[in-house]
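Novice: What shape does this take:
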Amino acid sequence: MALRNILKEGDETLEKHCRPVTSFDRRLHDLLDDMAETMNDADGVGLAAPQVGVLRRAVVVLETNVDEEAGEEPYVIELVNPEVIEAAGEQEGPEGCLSVPGVYGWVKRPEHVRVRAQDRNGEFFELEGDGLTARAFCHEIAHLEGQLFLDVMDHVMSDEELEAYYEDENGDGDGA
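Specialist: Have a look, this model is predicted:
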(Lines give C-alpha, C1' and ligand atoms only; values in the text may rest on other atoms or scores of the structure.)
Protein backbone atom coordinates (compact mmCIF):
# COMPACT_ATOMS: atom_id res chain seq x y z
CA MET A 1 0.00 0.00 0.00
CA ALA A 2 1.05 3.56 -0.62
CA LEU A 3 -0.14 7.04 0.12
CA ARG A 4 -1.38 8.87 -2.95
CA ASN A 5 -1.46 12.60 -3.60
CA ILE A 6 -4.94 14.09 -3.10
CA LEU A 7 -5.81 16.49 -5.91
CA LYS A 8 -7.06 19.92 -4.88
CA GLU A 9 -9.87 22.11 -6.15
CA GLY A 10 -8.90 23.65 -9.47
CA ASP A 11 -7.39 20.45 -10.86
CA GLU A 12 -9.38 19.62 -14.02
CA THR A 13 -9.40 15.92 -13.16
CA LEU A 14 -11.91 16.62 -10.38
CA GLU A 15 -14.37 18.02 -12.95
CA LYS A 16 -14.44 14.94 -15.21
CA HIS A 17 -16.88 12.04 -15.34
CA CYS A 18 -15.32 8.71 -14.42
CA ARG A 19 -15.44 5.57 -16.53
CA PRO A 20 -16.79 2.31 -15.13
CA VAL A 21 -14.36 -0.22 -13.72
CA THR A 22 -14.23 -3.27 -16.00
CA SER A 23 -11.11 -5.07 -14.74
CA PHE A 24 -11.26 -6.42 -11.22
CA ASP A 25 -7.58 -7.17 -10.97
CA ARG A 26 -4.50 -6.47 -8.83
CA ARG A 27 -4.36 -2.91 -10.18
CA LEU A 28 -7.87 -2.18 -8.82
CA HIS A 29 -7.05 -3.90 -5.52
CA ASP A 30 -3.93 -1.76 -5.13
CA LEU A 31 -5.93 1.38 -5.94
CA LEU A 32 -8.57 0.56 -3.31
CA ASP A 33 -5.91 -0.29 -0.71
CA ASP A 34 -4.02 2.94 -1.46
CA MET A 35 -7.23 4.99 -1.32
CA ALA A 36 -8.13 3.58 2.10
CA GLU A 37 -4.64 4.28 3.42
CA THR A 38 -4.66 7.79 1.94
CA MET A 39 -8.13 8.54 3.39
CA ASN A 40 -7.13 7.32 6.84
CA ASP A 41 -3.85 9.25 6.75
CA ALA A 42 -5.77 12.43 5.89
CA ASP A 43 -8.39 11.80 8.63
CA GLY A 44 -11.15 11.63 6.02
CA VAL A 45 -14.40 9.69 5.96
CA GLY A 46 -14.43 9.13 2.22
CA LEU A 47 -12.28 9.31 -0.89
CA ALA A 48 -13.07 8.87 -4.59
CA ALA A 49 -10.67 7.64 -7.27
CA PRO A 50 -10.63 10.95 -9.18
CA GLN A 51 -9.33 12.65 -6.03
CA VAL A 52 -6.15 10.62 -6.45
CA GLY A 53 -6.03 11.18 -10.21
CA VAL A 54 -7.75 7.99 -11.40
CA LEU A 55 -10.84 8.48 -13.58
CA ARG A 56 -12.56 5.24 -12.59
CA ARG A 57 -15.79 4.68 -10.65
CA ALA A 58 -14.39 3.60 -7.27
CA VAL A 59 -14.80 5.07 -3.79
CA VAL A 60 -13.96 4.21 -0.21
CA VAL A 61 -16.06 5.35 2.76
CA LEU A 62 -15.37 5.00 6.47
CA GLU A 63 -18.39 3.44 8.22
CA THR A 64 -18.61 5.25 11.54
CA ASN A 65 -22.10 4.07 12.56
CA VAL A 66 -20.80 1.24 14.72
CA ASP A 67 -21.48 0.12 18.29
CA GLU A 68 -18.24 1.14 19.98
CA GLU A 69 -19.54 -0.07 23.37
CA ALA A 70 -19.75 -3.56 21.88
CA GLY A 71 -16.16 -3.23 20.70
CA GLU A 72 -16.95 -2.50 17.05
CA GLU A 73 -14.47 -0.32 15.20
CA PRO A 74 -15.12 1.95 12.22
CA TYR A 75 -14.26 0.13 8.99
CA VAL A 76 -13.71 0.94 5.32
CA ILE A 77 -16.41 0.20 2.75
CA GLU A 78 -15.26 -0.22 -0.85
CA LEU A 79 -17.72 0.66 -3.61
CA VAL A 80 -16.89 -0.04 -7.24
CA ASN A 81 -19.26 1.30 -9.92
CA PRO A 82 -21.63 2.56 -7.22
CA GLU A 83 -25.05 4.08 -7.76
CA VAL A 84 -27.62 5.38 -5.31
CA ILE A 85 -30.80 3.38 -5.94
CA GLU A 86 -32.90 4.72 -3.09
CA ALA A 87 -32.85 7.85 -0.95
CA ALA A 88 -35.11 8.95 1.90
CA GLY A 89 -35.35 11.74 4.44
CA GLU A 90 -33.17 14.79 4.64
CA GLN A 91 -30.24 15.97 6.69
CA GLU A 92 -28.38 19.22 6.47
CA GLY A 93 -25.17 20.35 8.01
CA PRO A 94 -21.52 21.16 7.46
CA GLU A 95 -19.62 19.23 4.85
CA GLY A 96 -15.98 19.36 3.87
CA CYS A 97 -13.73 17.61 1.38
CA LEU A 98 -10.14 16.41 1.31
CA SER A 99 -9.81 18.13 -2.08
CA VAL A 100 -10.99 21.46 -0.63
CA PRO A 101 -9.06 21.65 2.66
CA GLY A 102 -10.21 24.09 5.31
CA VAL A 103 -13.55 24.90 3.64
CA TYR A 104 -16.89 23.75 5.03
CA GLY A 105 -20.25 24.38 3.42
CA TRP A 106 -23.88 23.92 4.47
CA VAL A 107 -25.18 20.98 2.42
CA LYS A 108 -28.49 19.08 2.25
CA ARG A 109 -28.25 15.33 1.66
CA PRO A 110 -30.58 12.35 2.16
CA GLU A 111 -30.67 10.91 5.69
CA HIS A 112 -30.80 7.37 4.31
CA VAL A 113 -29.54 5.86 1.06
CA ARG A 114 -29.33 2.43 -0.51
CA VAL A 115 -26.39 1.90 -2.82
CA ARG A 116 -25.79 -0.81 -5.41
CA ALA A 117 -22.15 -1.47 -6.22
CA GLN A 118 -19.56 -4.11 -6.91
CA ASP A 119 -16.83 -5.26 -4.58
CA ARG A 120 -13.15 -5.50 -5.52
CA ASN A 121 -13.81 -8.89 -7.13
CA GLY A 122 -16.74 -7.71 -9.26
CA GLU A 123 -19.52 -9.20 -7.13
CA PHE A 124 -22.66 -7.04 -6.93
CA PHE A 125 -24.12 -6.08 -3.56
CA GLU A 126 -26.44 -3.54 -2.01
CA LEU A 127 -25.76 -1.59 1.14
CA GLU A 128 -27.68 0.96 3.19
CA GLY A 129 -26.25 3.96 4.94
CA ASP A 130 -27.67 6.45 7.42
CA GLY A 131 -26.50 9.82 8.70
CA LEU A 132 -22.82 10.48 8.06
CA THR A 133 -22.47 7.28 6.01
CA ALA A 134 -25.35 8.31 3.73
CA ARG A 135 -23.77 11.76 3.40
CA ALA A 136 -20.39 10.23 2.54
CA PHE A 137 -21.90 7.85 -0.04
CA CYS A 138 -23.60 10.78 -1.81
CA HIS A 139 -20.55 13.04 -1.56
CA GLU A 140 -18.13 10.44 -2.95
CA ILE A 141 -20.44 9.22 -5.73
CA ALA A 142 -20.88 12.86 -6.80
CA HIS A 143 -17.08 13.02 -7.27
CA LEU A 144 -17.46 10.30 -9.90
CA GLU A 145 -19.66 12.69 -11.88
CA GLY A 146 -17.14 15.53 -11.61
CA GLN A 147 -19.06 17.31 -8.87
CA LEU A 148 -17.62 18.86 -5.70
CA PHE A 149 -19.69 19.67 -2.62
CA LEU A 150 -19.08 23.32 -3.52
CA ASP A 151 -21.51 22.80 -6.42
CA VAL A 152 -24.41 21.83 -4.12
CA MET A 153 -23.75 23.74 -0.91
CA ASP A 154 -26.01 26.52 0.32
CA HIS A 155 -23.12 28.69 1.55
CA VAL A 156 -19.57 28.53 2.88
CA MET A 157 -19.64 28.33 6.66
CA SER A 158 -17.61 30.78 8.71
CA ASP A 159 -15.43 29.51 11.54
CA GLU A 160 -17.99 30.95 13.99
CA GLU A 161 -20.90 29.12 12.32
CA LEU A 162 -18.96 25.87 12.31
CA GLU A 163 -17.99 26.22 15.97
CA ALA A 164 -21.57 27.09 16.99
CA TYR A 165 -22.93 24.11 15.03
CA TYR A 166 -20.61 21.62 16.73
CA GLU A 167 -21.15 23.14 20.18
CA ASP A 168 -24.91 22.77 19.66
CA GLU A 169 -24.51 19.20 18.35
CA ASN A 170 -22.50 18.27 21.45
CA GLY A 171 -25.02 19.88 23.79
CA ASP A 172 -22.62 22.65 24.74
CA GLY A 173 -24.28 25.48 22.84
CA ASP A 174 -27.32 27.61 23.45
CA GLY A 175 -29.13 26.44 20.33
CA ALA A 176 -28.63 29.77 18.58
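Novice: Tell me which other helices or strands the host helix or strand of Glu163 touches.
Specialist: Assessed by DSSP states H and E, Glu163 sits inside helix 159-169. On a contact count with 3 or more CB pairs under 8 Å, 6 or more residues apart in numbering; DSSP states H and E, helix 159-169 meets strand 91-97. C-betas here are computed from N, CA, C, even on glycine.
Novice: buried stuff in the strand it packs on?
Specialist: Neighbour-count burial for strand 91-97 flags 93, 95-97 (criterion: 16 or more other CB atoms under 10 Å).
Novice: What of stretch 33-42?
Specialist: When burial is assessed from 16+ other CB under 10 Å, stretch 33-42 yields the following buried residues: 33-40.
Novice: Stretch 52-61 now?
Specialist: 52, 54, 56-61.
Novice: Quick check: mean pLDDT of the helix or strand hosting Val60?
Specialist: For Val60, the element it lies in under DSSP H and E is strand 58-63. Per-residue pLDDT over strand 58-63 has a mean of 96.
Novice: before we move on, the earlier item: give me the lowest-pLDDT entry from the buried residues of strand 91-97.
Specialist: Comparing these by pLDDT, Gly93 comes last, at 92.
Novice: For that residue, list each beta-bridge partner.
Specialist: Val107 (DSSP bridges).
Novice: residues in contact with the residue nearest to Leu132 when sequence neighbours are not counted?
Specialist: Excluding the flanking residues, the one nearest Leu132 by CB to CB, 6 or more residues apart in numbering is Thr64, at 5.6 Å. By CB atoms under 8 Å, 6 or more residues apart in numbering, Thr64 lies in contact with 45, 74, 132-133.
Novice: which strands and helices sit next to the strand holding Val60?
Specialist: Counting by 3+ CB pairs under 8 Å, 6+ apart, the packing neighbours recorded for strand 58-63 are helix 26-41, strand 46-48, strand 75-88, helix 132-143.
Novice: Identify each buried residue in the lowest-mean-pLDDT helix or strand in the chain, please.
Specialist: Within the chain, no helix or strand scores below helix 159-169, which has a mean of 88 by mean pLDDT, DSSP states H and E. For helix 159-169, the neighbour count (16+ other CB under 10 Å) marks 164-165 as buried.
Novice: Let me know the pLDDT of the closest residue in space to Glu9 that isn't next to it in sequence.
Specialist: Once flanking residues are discounted, Glu9 sits nearest to Val100: 4.8 Å by CB to CB, 6+ apart. We note a pLDDT of 97 for Val100 in this prediction.
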